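> Everything below, folded, please.
(one chain, ligands or ions: 1)
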Amino acid sequence: MALATDSRSASDSDVRPANPARTTLILAMTGASGSIFAVEMLRALESDERVSRVLLVVSPSALRVLAEETGVSGRNSLVERLLGSEPGASSGKITLLAHEDIGAPIASGSYPVDAMIVLPCSMGTLAGIAHGMAGNLIERAADVCLKERRRLVLCVRETPLNLIHLRNMVAVAEAGATVFPLIPTFYNHPQSVDDIARNYVHRVLQHIGLPQPGAYAWGVPPSAEDLT
Ligand SMILES: Cc1cc2nc3c(=O)[nH]c(=O)nc-3n(C[C@H](O)[C@H](O)[C@H](O)COP(=O)(O)O)c2cc1C
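Numbers count the residues shown, from 1 in each chain. Presented below is the predicted three-dimensional model:
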């Protein structure tokens, strides 16, 4: 399901959409605040039948923040615990890869991947990607996405932003990534934190060509199905 390469430049903002039929995605979690957004993303990918494979990479700092923000700690059965499913009850399409394993398949451009999402994306990982450091599997996989002209979405989170952060965002945008700040919307009248996270996840997935059922769209009345 590798997608054919095209001749557009890395600065094109409309890098090709994910193959919606059988999509392989990389989801990387790094040590910025916002773990619940990543958990919501993981659940959306688990239940999306168009997504056949998810390669999950979680940095040590992401684990630290995850424990702080959700109470989930350690790597044992991490996927099941994040999905809220019993061990063995998940679809099995999500594979947890080791952060330091730069020999993992996604470290090579020869391994077919449709898109990569870094959610949340810390300023440290942003810097590593912006400067082509490739010092761990997340930075390397992102580097591969950029060189192969694949979709790379960086859900950056920090406030306030210093000039280094801003310059790094410009650098990754120039290299072809989408900077998708972890900022909630309120015009959709969210009723809970989960609502906020879900709407954000819907927007990211729509951006990579995986529109979600029930997603809020400004100016479009909800269907009868969405109201039940
Ligand atoms: C509770 C907590 C919240 C944090 N929030 C952020 C954040 O929102 N943005 C950020 O860039 N770093 C944040 N950090 C710092 C990063 O975790 C730290 O810079 C780390 O080295 C990033 O490593 P990584 O990019 O390999 O995951 C936070 C750390 C902790 C412990």
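
> Distance check, Glu40 against Val57.
18 Å (CB to CB, to the nearest Å). No exception for glycine: its C-beta is placed from N, CA and C like everyone else's.

> Who has more neighbours out of those two?
Neighbours per residue (other CB atoms under 10 Å) separate Glu40 from Val57, with Val57 holding more: 26 against 23.

> That one against Leu97, yeah?
Yes. If you go by CB atoms under 8 Å, Val57 and Leu97 touch, sitting 5.1 Å apart.

> Residues of the protein that sit close to the ligand?
30-33, 59, 61-62, 64-65, 68, 122-125, 157-158 (CB under 6 Å from any ligand atom).

> 8 Å instead, please
29-34, 59-62, 64-65, 68-69, 99, 120-126, 128, 136, 138, 156-159, 165 (CB under 8 Å from any ligand atom).

> For the residues you listed, I'd like a selection string for ChimeraX - just the buried members, please.
In ChimeraX, a selection of the buried entries from those looks like this (16 or more other CB atoms under 10 Å):
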select :29,30,31,32,34,59,61,62,65,99,120,121,122,123,124,125,126,128,136,138,156,157,158,165
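
> which SS state does Met116 fall under?
Three-state call for Met116 (DSSP: H, G, I helix; E, B strand; the rest coil): strand.

> any idea how far the residue lying closest to it once chain neighbours are set aside is from the ligand?
What sits nearest to Met116 in space, not counting adjacent residues and going by CB to CB, 6 or more residues apart in numbering, is Ile26, at 4.0 Å. Here the criterion is CB to the nearest ligand atom, to the nearest Å. By it, Ile26 lies 15 Å from the ligand.

> What of Met116?
Met116 is 15 Å from the ligand, by CB to the nearest ligand atom.

> Can you flag which of the residues of the chain next to the ligand belong to strands?
Under the assignment DSSP state E, the residues of the chain next to the ligand contribute Met29, Pro120, Cys121, Val156 to strands.

> Just name the closest of the residues you listed to Ala171, please.
Distance to Ala171 across those (CB to CB) is lowest for Val156, with 12.4 Å.

> measure the closest residue to the ligand within the chain to Leu152 for me?
Here the chain gets closest to the ligand at one residue, Gly31, 2.5 Å apart by CB to the nearest ligand atom. Per CB to CB, Gly31 is found 19 Å from Leu152.

> so how far is the helix or strand harbouring Glu46 from its chain's centroid?
Assigned by DSSP states H and E, Glu46 falls within helix 35-47. Its chain's C-alpha centre and that of helix 35-47 lie 9 Å apart, by CA atoms, centre = their mean, to the nearest Å.

> What are the buried residues along it?
For helix 35-47, by 16+ other CB under 10 Å, it's Ser35, Ile36, Phe37, Ala38, Val39, Glu40, Met41, Leu42, Arg43, Ala44, Leu45, Glu46.

> What helices and strands are in contact with the helix or strand containing the residue nearest to Met116?
In this assignment (DSSP H and E), Ile26 forms part of strand 23-29. Strand 23-29 is packed against helix 35-47, strand 51-58, strand 115-121, helix 137-147, with contacts defined by 3 or more CB pairs under 8 Å, 6 or more residues apart in numbering; DSSP states H and E.

> Okay then, goodbye and thanks.
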